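Asker: Got a predicted structure here, sequence first:
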Amino acid sequence: MEAVTNEAPNFDFETKVVAIAIAPGEAYCLSKENLKYLKDALAGEAVKVGHQLKASLLALRKEGFDCGGPLFDTQVAHYLIEPEASHELSILANQYLGTQLIESYDPVKNVCERADAALQIKKHLTRELESRNQTNLMTAVEMPLIRVLAEMEFEGVTIDTGKLGDMSDELKKDSQRLQGEIFEMAGMEFNIASPKQLGEVLFDKMRLLDKAKKTKTGQYATGEDILTKLAGEHEIAKKILDFREDEKLRSTYVDVLPRMISRFDGRVHTDYRQAVAATGRLSSNNPNLQNIPIRTGKGKRIREAFVARDKEHLILSADYSQIELRLAAVFAKDATMLEAFKNGRDIHTTTASKVFKVDIKEVTSDMRRKAKEVNFGILYGSTAFGLAQNIGISKTEAAEIIEAYFKEFSTIKKYMDDSINFAREHEYVETLLGRRRYLRDIHSRNQTTRGFAERNAINAPIQGSAADIIKLAMLNIQQWVKQEKLKSKMIMQVHDELVFDVHKEEADLFKEHVPWLMKTAVQLDVTLDAEVAVAENWFGAHG
DNA sequence: GCGATCACGTT
DNA sequence: GTACGTGATCGCG
């Protein structure tokens, strides 16, 4: 199956034709007016094969057709087999069928060609999946997830454009004021948004640093870390940072989201990509709803513009707490961490107490802050240098902290070494559900390249298993919603968080049931935890 | 118009 | 230090 649509931005496409291949070398193309003759066949239990099936499901759904039966997506299948390779259909056809996809000027021929190719490639991919023991991951997780994602995208999310319009005016006003002040202090006008010009003004003209850092290409580096250090002594640096923040929020979010609203239903529809992230996470684009600001005061206000669809609904958000650290504790079988999670203790305070050798009661906020960075650093396979940079301490102190950490949490150290050794032996690592990430650079003689592979050997199983788990939770939640014929909709996923447009009558039910389904998605040696909150908007729905 | 570069938003 | 996506600039054409 393969659908052809026009090139309208994101959700506002219109379906042109749909091709159906029924046997090798035999494919038919239908205009959307004739799709009705296939209604029963589409709804039926026959397996539906295609490349990027989610797009086809959405095209059909917009025309009012539901697709039944199991799915087999050749792109997602190949993503499981070789996550970081290209999954283009033409390449798969070449690799598995030994044929070139015929590129015709006739779109009917193209779409039939693609439907036929997908159908024929299926058996090869099925065999590859089987040989990797990934059949269950494919059929029980990734394939049914396609429908879940299609439904989420179809629902979309409501944006309060009035709120964003007000913000845009304020941000523009603020950044223009800052621009004037920056020009005044620099004694000249220039384009602050140009790192090249900015670097020359700060470090050639104003000579704010004796030994200004350069980027790979020889330009002055003007990133946030550098300007933050400067900000203590030079007022201009702080103003540049504020200018950057205002312009970032305005140009990336506040002014863009309203333009992404569909003329069909007045909502914003992202496109979740299921075959991009090397670890098994989803990615989101057009617009990216997985990097909506939350940290800064101004950023938070953008989340306030993500609202429920109408007066009858509310936004509910549920997120896993510390899922990656819990997984690290499970994989390492670390008694201290498992016990801390079991007893609901603050994990960063626990780590601080161990690393700094003080009683839990004696842990200061600064010690906790450092311990928190250590915990995250561990998940990423961080070095002493990276940790030092992150906390703003000396490399020596960072090395001492890491040494103390590995002494207290020797099983974590062991797990990290085991992961790297597994990668050395197999040239891949894997997740809870058998998702692989190949790490062929693990044998590289280049220290930087090899180090990167080693960090991924530690991080990929943890981040990827978290992705596995939330995918299972999404499947269970959607099944429950359907079975109980509930009105509320799952509308967003942000890696460890699920967001719902809940009908007010169902808010209490979801508050209870969604976290439960998230916590029980898998059975582990640690209990998972999920926090939930309900509010008028997305920001408010963060406990 | 296109791609590289830099910067920065999230987890 | 993980993983992504997007916007502005700028040099190439």
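Answerer: All right, it came through fine.
Asker: got the contact list for A:Trp480?
Answerer: By C-beta atoms under 8 Å, 6 or more residues apart in numbering, A:Trp480 lies in contact with A:Leu486, A:His513, A:Leu517. The way it works is simple: take the backbone N, C-alpha and C, and place the C-beta from them, glycine included.
Asker: residues from chain A in reach of DNA strand B?
Answerer: A:195, A:199, A:215-217, A:219, A:221-224, A:227, A:241, A:244-245, A:248-249, A:252, A:288, A:290-296, A:299, A:494-497 (C-beta under 7 Å from any atom of the strand).
Asker: Separate out the buried members of those residues.
Answerer: For those, a neighbour count by 16 or more other C-beta atoms under 10 Å gives the buried set as A:199, A:222, A:227, A:241, A:244-245, A:248-249, A:252, A:290, A:292-293, A:299, A:494-497.
Asker: Report the buried residues of stretch A:507-521.
Answerer: For stretch A:507-521, the buried set under the neighbour-count rule, 16+ other C-beta under 10 Å, comprises A:Ala507, A:Phe510, A:Lys511, A:His513, A:Val514, A:Pro515, A:Trp516, A:Leu517, A:Met518, A:Lys519, A:Ala521.
Asker: typo on my end, it should be stretch A:108-120
Answerer: Applying a neighbour-count criterion of 16+ other C-beta under 10 Å, the buried positions in stretch A:108-120 are A:Val108, A:Asn110, A:Val111, A:Cys112, A:Glu113, A:Arg114, A:Ala115, A:Asp116, A:Ala117, A:Ala118, A:Leu119, A:Gln120.
Asker: I'd like the next helix or strand past the host helix or strand of the last one.
Answerer: Using DSSP states H and E, A:Gln120 falls within helix A:107-131. Sequence-wise, the next helix or strand beyond helix A:107-131 is helix A:135-136, with elements assigned using DSSP H and E.
Asker: Counting by contacts, list what that next one packs against.
Answerer: With contacts defined as 3 or more C-beta pairs under 8 Å, 6 or more residues apart in numbering; DSSP states H and E, helix A:135-136 has no helix or strand neighbours.
Asker: per-residue confidence at the nearest residue to A:Leu472 once chain neighbours are set aside?
Answerer: Nearest-residue entry for A:Leu472: A:Ala521, 4.1 Å, with adjacent residues in sequence omitted and distances by C-beta to C-beta, 6 or more residues apart in numbering. With respect to pLDDT, A:Ala521 has a value of 98.
Asker: again, but for A:Gly280
Answerer: A:Gly280 carries a pLDDT value of 98.
Asker: How much space separates it from A:His495?
Answerer: In this structure, A:Gly280 lies at 11 Å from A:His495, with C-beta to C-beta, to the nearest Å as the measure.
Asker: pretty sure A:Met492 is touching A:Leu289, no?
Answerer: Yes. Shown here, A:Met492 and A:Leu289 form a contact pair, counting by C-beta atoms under 8 Å, at 5.5 Å.
Asker: what is in contact with those two at once?
Answerer: Taking C-beta under 8 Å, 6+ apart as the contact rule, the neighbours common to A:Met492 and A:Leu289 are A:Val157, A:Thr270.
Asker: Please report how far A:Val374 lies from A:Ser262.
Answerer: From A:Val374 over to A:Ser262 the distance is 45 Å, taken as C-beta to C-beta.
Asker: More neighbours: those two, which one.
Answerer: Between A:Val374 and A:Ser262, A:Val374 has the larger neighbour count (other C-beta atoms under 10 Å), namely 23 against 15.
Asker: who touches both of A:Gly280 and A:His495?
Answerer: The contact sets of A:Gly280 and A:His495 overlap at A:Ala467 (C-beta under 8 Å, 6+ apart).
Asker: Domain map for chain A?
Answerer: Following automatic domain parsing, chain A resolves into domains at A:2-155, A:161-259, A:273-321+A:468-541, A:324-461.
Asker: of these, which approaches DNA strand C most closely?
Answerer: domain A:324-461 (1.7 Å; C-beta to the nearest atom of the strand).
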